[in-house]
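1. sequence plus the predicted model coming up.
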Amino acid sequence: MSTEVEIILILILVSIVFFLLWRKTANRLSEVKWQKQSLSTKYGKINEQFLPFLNVFPYDPSGFRFIGSPIDGVQFEDDKIIFFEFKSGTSRLTQKQNQIKELINDRKVFFEEIYLK
């Protein structure tokens, strides 16, 4: 074999090795990103349940009722009712949460009684 052919074969082998290493690294990075997102979601769900008992919560936690989804909870006060969605970091309201917020702001919230016989 000539030297040129050997160099080309070596370059091809090196390229294949680098491609395989890149692909393995990319797959691992994707897995780590997914794990981080999963942990972040779990952390957020845990915090939602305890936030009313922290000093940053401006109301009496005994009036708070946790719902979980699509909003985190409702605070019942003597003169008002407050709907809460707790967010951290860069998280934003979902489309459904924005819709609920609009309904509340448009005063499309009602109280109904249902009697069972």
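-> Arrived safely, thanks for sending.
2. grab the most central residue of the protein for me.
-> Closest to where the C-alpha atoms of the chain average out (CA atoms, centre = their mean) is residue 41, at 4.6 Å.
3. spell out which helix or strand contains that one, please.
-> Using DSSP states H and E, the secondary-structure element containing residue 41 is helix 3-50.
4. immediately after that helix, which helix or strand?
-> Once helix 3-50 ends, the next helix or strand along the chain (criterion: DSSP H and E) is strand 64-66.
5. pairing partners for that following strand, with directions?
-> Taking DSSP bridges as the criterion, strand 64-66 sits next to strand 73-76 (antiparallel) in its sheet.
6. if you count neighbours, what's buried in the partner strand?
-> Neighbour-count burial for strand 73-76, with 16 or more other CB atoms under 10 Å as criterion, is recorded at 73, 75. C-beta here means a position set from N, CA and C on the backbone, and glycine is covered the same way.
7. the next helix or strand after it - what's its average pLDDT?
-> Following strand 73-76 in sequence order, the next helix or strand is strand 81-84 (DSSP H and E). In this model, strand 81-84 carries a mean pLDDT of 96.
8. got it, and stretch 96-113?
-> pLDDT averaged over stretch 96-113 equals 96, rounded to a whole number.
9. next one: the helix holding residue 41 to chain centre, how far?
-> Put simply, helix 3-50 sits 23 Å off its chain's centre (CA atoms, centre = their mean, to the nearest Å).
10. got it, and stretch 93-107?
-> Taking the mean C-alpha point of stretch 93-107 and that of its whole chain, the gap between them comes to 18 Å (CA atoms, centre = their mean).
11. cool, and stretch 106-117?
-> Stretch 106-117 has its C-alpha centroid displaced from the chain centroid by 31 Å (CA atoms, centre = their mean).
12. which residues touch that stretch?
-> Applying CB atoms under 8 Å, 6 or more residues apart in numbering, the contact partners of stretch 106-117 are residue 103.
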